[in-house]
Structure formats: C-alpha cells, structure tokens
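Participant: Below are the sequence and a predicted model for it; my questions follow.
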Amino acid sequence: MSQTLDLSTTSRTPFSRLVKVELRKSWDTRAGIWLLAITAGLAVVVMVIAMITFAVQDLPLDFGLLMATTTYTTGLLLPVLGIMLVTGEWGQRTGMVTFALEPSRTRVVLAKLVAGLLLAVVVAVIAVVAAVLSNLLYGLLSGSDISWDLGQTSLQGFVILQAVSMLTGFAIAALLLNTAAAIVVYFAYSFVLPIVFAVVAGLVGWFRDLQPWIDFANAQTPLFDWSISGVEWAHLLVSGMLWLGLPLALGMVRILRAEVK
Amino acid sequence: MMSRVITLENVTRRYGGFTAVDRVSFTAQPGRVTGFLGPNGAGKSTSMRIMVGLTSADEGRALIGGHRFADIPNPSRHVGVLLDASAQHAGRTGREVLRISADTMGVGRQRVEEMLTLVGLNGDEAKRRVRNYSLGMRQRLGIANALLGDPSVLILDEPVNGLDPAGIHWMRGLLRSFAQGGGTVLLSSHLLHEVEMIADDMILIGRGRIVAQGTKAELLQTQGTYVKPFETGALDQPLAAAGITFLPSGDGGVRAEADPVDVGRAAAGAGVVLVELRPAEGAGLEEMFLQLTAGDAREPVTNQPPRPVGPQGAPR
C-alpha cells in the first residue's frame, strides 16, 4: 500500500493525439464546419467569377492570376479559423474540460497552433487544386491555349502568406480570448493600420524611414511574387515580431496564467 | 488505499482584497463519499478548481494521491473531473463531447458508448446537441465525461444540481458503488439535503473557511429533544426549573437540550399535556448548517424560507 498514486500505468498524452483532437474540434461544430466550407467554397466562387469576367472581356487568363485571386479570399477567412481555434475554449468555456484533460496549457496551445497550420496548408492545397481545375476548364471553354504561367504569383509565397494570416488571427485571439473582439481587431489590424501607416508616412517625414520596419502588411507584399530579398526579410522579421510575435507571446503568458472558469 | 486520498494543505486564494479560500485544509478518503458543503460563494468551486490546477493557489497546496494534478500524466485516467456541467460546447452532440475527451485520453470509442449507457443518455439523446440538453442531462453527460477514463478519484462540483429526485437517487447509487470499489469521491453542494443523502463524510465551508468536518454520523448527532406542549409556553417554567436549556422553535414547540426522558419527566412533574415528544433528529444537521454558515453566508439567515421544524434564530 503505497502513499502515492501509482502513475506508472499512464504516460503523457502524445502531442500528435492533442493535434488530432484539435483538428477534430475545428470541424465538429456547425460554426466550424461552415467556416471551413465557406473558406474553401469562397475560393472556388471567386475563381469562377474571375473566369467569367475574363471570358466576357475576352482577356487571357493564366494560372498565376487565378492563384492571386485566391490569396485574398482565403486570407480573409483563415485568420477567423485561427481565432476560433483559440477563443472557442473561452467563449464556450470548454477550456475547463480541455485543461483538466491536459493540464499543460502550453502543449494545448501548441497543438492548436499546429492544427491551425495544418488547416492553412489544407486550405492552400484546395485553393491550388481549384485553380488548376479552373484553369483547365477556362482553357477548354475558351478554346484558347491553357497557360500554366504563374506570372507574378509564387507558390511558396502563397503557402507562407496563408500560414501568416492564420497565425496573426491566432496571436490576436490568444491575447484577447474573445471571438468578436479578436475578429474586429484583426481586420482593423490588417486593413486600417496599413492605410494609417501610409497616411502618416505621407505627412511625417521621419516616419517614412520607420514605416517599413513596423508595417507588417506592407512587409508581406514581396512574398506574393517571392521577390523578397535582403533588407525586406529584415522588415518582415522585425514587423512580424512586433505584430505577430509580441501578441502571441503576451497571449501565451495570459493563457498560462489565466484562471479557467 | 492511501494512494487515492485528496489532500488540501492550507490552500489560500485571494482576489484583490477578497480572500475566496482561506487556509483550507482537509482530506477526502478513499472508499468514502465526501460532501463539500457550503452556501453559494463560500469557496467550494474555487477550491475544486485549485485541486485540478485551473486556478492557482496563492498559498498552500492541493495533492491527489501525493501528486499535484498537473504532474499526473494523462490525469483523466486517474482523476475524473466535473467542474461545471454547462461548460460544454453548445453546438456539439453529447456523443461528440465524449468522443473528443476519449480521443484525448486515448480510450476507445467503445468506452464512449458504455458511458452513454451508464448515465442513461441513450440513442436519440446522445445525438442531440448539448444546446438542447436540460441541466439534468448536462450533469449526466458531465458524469459520463468524468468516468470516461476509468479513474480512481472523482472531483465533482455541484453534480446533483438540476437532477430530479430519481436522478439524485441514481447519482447516489453510482457514487456509492464507486466508493465501495475503493474510489475517492469529493462532491460539492450548496444544498444540505443532497449531501446528507449521498455523503459519508462532510466538510462545511463558509466564507472561504472550513467551519466543520467529520463523518455524517458525527455531524448529524444532536443532543436534543423536540417537544410541543398542548398550550404554547406551558413548558417554559417547568424546563427552566429543571435546569434544561431550551429554545422556542416557532411553531409552539421548543427544542430542549436534554434527553427526551428528562424533558418528559419535567413535563409530567408539572402536569403539562404534550402533543409531541421526540429526539430532535433530522433537522440537526440543517440547524448546524444554518448556524455554521449564517455568519458566513452572503444572505442573512432571516431571509431563508420558514422551515417546518427547528428553532428560529438559533444561537451561534
């Protein structure tokens, strides 16, 4: 009869299992499955619209253009996916169960992060497949030669941008722990902030030198065509630390310390 | 079976200037159902969250079988937890809620079906979304979730809340057989009768402090007699003359701090006609609960609905 509970019968929950569970949680609710379906569906719909527009105007459409349209649509909804992965545990208070099953909150949050990245990759793959099919279809219907020219669009840049947009949503969500607030802040962050930066840079001389280092949206632009080089990497890294790294770090601290109730 | 004991040692948790849990120490023993009783806001839930690491303690420590909860690998295989039956995603079905937990724990899907059957969420109910569950059904789901990992310790916060009398009866049987199998059960409640029905041991908490603990038999034991004379007040003089302390119970009767035989003798000696004379059992624990928590409860005792038996304004 020992004094302590015998723990030899159990081992730590493997990380892969935590990731699997987080992936399941992302689609096993109506909100989750609809968000995923709409993200994938919208990418396809926008491509069809692009095809029709180009067909009507009798313009040449290539693979690169189709890919470029997708970046915008998935970029809108992937961050929401990242947000919901995190805030779901707080809004629905399932964190009380989740963190009782796995007391290491760091592992749970990392599992969510990995699940989010996997979903971003899946969405990216769906988008690429949709673009390939659209391009084939357009070629067949228009009777013109099918162009596989990626033009300005870079595939690795595309995948990285998808991941970054998901991560940004994830980071803000970790900081705010509230779905609505995180979505509002994300969109203010990615659409209003660049405009503010541009205006201020136009008005204030010295800010123009600072802007590339703190304007995360602008720093991501050379990823589209993978023309990124030299100091642009530094811009991306520094602004990314500021707008993605910092909120994620602060958010992690908050999640680790927060009382779950 | 020391290995399954829940131990709290001087656990304290403050929120600003408010001390929610104040140097709480107790143990819950294996093979027994321990009731954690106190009015709302007394610190029960905070104490339980501290036990499973969802809230950190400012001082002291909570151990389960000698370990901090966070140090137990795959803890749900040892400790079943239900902290809030409503803390479930409203959009998931009952079965899906259990599947997620089962996947995390690494127990099979078969176990999910077994637990659904055990708590009586069969067929159609398991397919419904938690949003459409009554509180009683959520409690059953929460119990299934806590039992899923086949634990040896159960920590349940207000598990009987929302259950109908049949449900409470069922819960009593379930927890009793769990304890008889050598398991440790700690359950909280703000309703005395629930705990009285289910628990072997009791811990009473008020305003963050433990005010009493012991076996139910110890705590239920009351030295006293309920006696009701035909004429109200007719016993006051004879009892005082016999040196028996007593208190009016508000319904014409009195509660006397003496054995029924002594009270009967005093009444007979004075020729007072009685309509009732019996040991003051049953209400004893309730009286103590009210006494012990009256000063500590959020609401004064005078706001309680009138009770059929028992003294009004009992002394502290």
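Facilitator: Structure received.
Participant: Tell me the backbone dihedrals of whichever residue of chain A sits closest to chain B, please.
Facilitator: Of all residues in chain A, residue A:5 sits closest to chain B, at 2.5 Å by Cβ to the nearest Cβ. From N, CA and C alone the C-beta is placed, and that goes for glycine too. Phi and psi for residue A:5, reported as degrees, to the nearest 10, are phi -60, psi 130.
Participant: My guess is it contacts residue B:6. True?
Facilitator: No: between residue A:5 and residue B:6 there is no contact under Cβ atoms under 8 Å: 10.3 Å.
Participant: Next, show the common contact partners of these two.
Facilitator: Listed as contacting both residue A:5 and residue B:6 by Cβ atoms under 8 Å, 6 or more residues apart in numbering or on different chains are B:64, B:153.
Participant: These two: which has the busier surroundings?
Facilitator: Neighbour totals were compared for residue A:5 and residue B:6, and residue B:6 leads with 24 against 20 (other Cβ atoms under 10 Å in any protein chain shown).
Participant: How about the contacts made by that one?
Facilitator: Counting by Cβ under 8 Å, 6+ apart, residue B:6 touches B:27-28, B:34, B:51, B:62-64, B:153, B:155, B:184, B:186.
Participant: Tell me the pLDDT of it.
Facilitator: You'll see residue B:6 listed with a pLDDT of 96.
Participant: and the closest residue to it other than its chain neighbours, what does it touch?
Facilitator: Leaving aside its sequence neighbours, residue B:6 sits nearest to residue B:28 (Cβ to Cβ, 6 or more residues apart in numbering or on different chains; 4.1 Å). By Cβ under 8 Å, 6+ apart, the contact set of residue B:28 is B:5-6, B:34, B:184-186, B:201, B:203.
Participant: Return the subset of those residues lying in helices.
Facilitator: Using DSSP state H, no member of those sits in helices.
Participant: Out of these, which is nearest to chain A?
Facilitator: Of all the contacts of residue B:28, chain A sits closest to residue B:5, with 8.9 Å by Cβ to the nearest Cβ.
Participant: per-residue pLDDT, the closest residue to chain A within chain B?
Facilitator: Distances between chain B and chain A by Cβ to the nearest Cβ are smallest at residue B:65, namely 2.5 Å. Model confidence at residue B:65, expressed as pLDDT, equals 93.
Participant: Now do the contacts for the residue lying closest to it once chain neighbours are set aside.
Facilitator: Counting by Cβ to Cβ, 6+ apart, residue A:5 is the residue found nearest to residue B:65 once chain neighbours are left out, at 2.5 Å. Residues near residue A:5 by Cβ under 8 Å, 6+ apart: B:3-4, B:64-67, B:72, B:78, B:152-153.
Participant: Let me see the ranges of the helices in the chain.
Facilitator: Just so you know, I chose chain A. A:15-27, A:30-56, A:63-91, A:95-101, A:105-142, A:155-176, A:179-187, A:193-203, A:207-214, A:216-224, A:231-240, A:246-257.
Participant: meant chain B actually
Facilitator: For chain B, helices defined by DSSP H occupy the ranges B:44-51, B:94-105, B:109-118, B:123-127, B:135-147, B:165-180, B:192-198, B:216-220, B:236-241, B:260-270, B:283-294.
Participant: mind listing what's buried in the first one?
Facilitator: What it means is helix B:44-51. For helix B:44-51, the neighbour count (16 or more other Cβ atoms under 10 Å in any protein chain shown) marks B:44-51 as buried.
Participant: got a list of what residue B:92 touches?
Facilitator: Residues in contact with residue B:92 (Cβ under 8 Å, 6+ apart) are A:28-29, B:100, B:129-130.
Participant: Would you mind putting those into TSV with neighbour count and distance to residue A:84 alongside?
Facilitator: Below are the contacts of residue B:92 laid out as TSV (neighbours: other Cβ atoms under 10 Å in any protein chain shown; distance: Cβ to Cβ, whole Å):
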residue	neighbour count	distance to residue A:84
A:28	18	12
A:29	20	9
B:100	23	15
B:129	17	17
B:130	20	18
